[in-house]
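In: my questions are about this predicted structure, shown below with the sequence.
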Amino acid sequence: MPSLRIRHGVASDVGLTRRHNEDRFHADPSMGLFIVCDGMGGHRAGEVASSRAIEIIPRHLAASAVEPSPPLIGMVCPEFSMATNRLASAVRLANHTVHQEAAHDAAYSGMGTTVVAAWLVGPVLSIAHVGDSRLYLIRNHVLHSLTADHSLVQAQVLSGLLDAEDAEHVSHRHVLTRAVGVHATVDVELGELHVLDGDIVLLCSDGLTTGVPTDAILRTIQESPDPQTVADRLVALANAAGGTDNTTVIVTTMIRHKSRIWNLLRGRLFPAPFTESY
């Protein structure tokens, strides 16, 4: 039967104004797992928070593959698959670890990180996110945002206090209402998507979306079939727009391919026409 494989490209850059890159990422196509984290906190604590999340989430998911039923952290959401609940559990574990480390070291007080994660299990993409790093789906040449920022600006837009157009220019647009590690518990937003052949999934930190409009992002993705080329170009666009923040992007393309058994059966059922060469 046909199955999915993933081509991916990833790029991360400190930008033009920051001294350190506090973004971290994980990209493992064999596991179908992709994560972007954008750390925050003084004295390079943001790097610590994002690094911890990147260490813990894949490890928790890998452990569940060895032992399929370890206890989940937090409540189970029955409307989602076990894989999505497991991904949420991994983010909650990262939250607990970061929060505990901050509580025991004054240098890390208040540190936290955004998380946006995508985990492909079979044909279903599990999505988990906290903060304002984003996940986009590009399908049939249309860009769809599959996450909503956990930010003060987004809350004001939803409540009607701020126009969506004006939201791009207010000074407090980077103030988060939710982040991993800041509090003892965290509300992880979840989603699921049945992926199709040719789908492109983009994960990014806000270094990209702050300066690059979505139409430019879509145009760049459409200009090349190579995910690594696209990732590099998107980071270059963010820097050309000012490079005021770290920028990290992961570009994944879902490709449906047929197994050897499928190809063998197809050859027997639909033999190639005989041709002679002269």
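Out: All right, it came through fine.
In: so where is the stretch 151-278 of the chain shaky, pLDDT-wise?
Out: 157-158, 160-173, 257-278 (pLDDT under 70).
In: quick one: the strands in it?
Out: If DSSP state E, counting those that start in this stretch is used as the criterion, the strands of the stretch 151-278 of the chain fall at 189-194, 200-204, 247-258.
In: so S224 versus R7, what's the distance?
Out: 12 Å (CB to CB, to the nearest Å). Every C-beta, even on glycine, is put in place using the N, C-alpha and C of the backbone.
In: got the strands of the stretch 151-278 of the chain as TSV, with distance to A106 and mean neighbour count columns?
Out: Listed next are the strands of the stretch 151-278 of the chain as TSV, based on distance: least, CB to CB, whole Å; neighbours: other CB atoms under 10 Å:
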stretch	distance to A106	mean neighbour count
strand 189-194	31	16
strand 200-204	32	25
strand 247-258	28	22
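In: in a markdown table: those, plus distance to T229.
Out: Below are the strands of the stretch 151-278 of the chain laid out as a markdown table (distance: least, CB to CB, whole Å):
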| stretch | distance to T229 |
| --- | --- |
| strand 189-194 | 24 |
| strand 200-204 | 13 |
| strand 247-258 | 9 |
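In: of all those, which one is nearest G41?
Out: Closest to G41 of these is strand 247-258 (CB to CB; 17.1 Å).
In: strands along the stretch 1-150 of the chain, start to end?
Out: 2-13, 23-28, 33-40, 112-121, 124-130, 134-139, 142-145.
In: out of those strands, which is closest to L234?
Out: strand 2-13 (7.1 Å).
In: mean confidence for the closest one?
Out: Strand 2-13 shows a mean pLDDT of 90.
In: residues touching T248, list them.
Out: By CB atoms under 8 Å, 6 or more residues apart in numbering, the contact list for T248 reads 10-13, 23-25, 36, 38, 204-205, 207-208, 235.
In: and which of the residues you listed is nearest G112?
Out: So of these, ranked by how close each gets to G112 (CB to CB), first place is D38, at 9.7 Å.
In: how close does the closest one sit to C204?
Out: D38 is 9 Å from C204, by CB to CB.
In: what do you get for V76?
Out: 29 Å.
In: one more: S51?
Out: From S51 to C204 the distance is 18 Å (CB to CB).
In: likewise I221?
Out: 11 Å.
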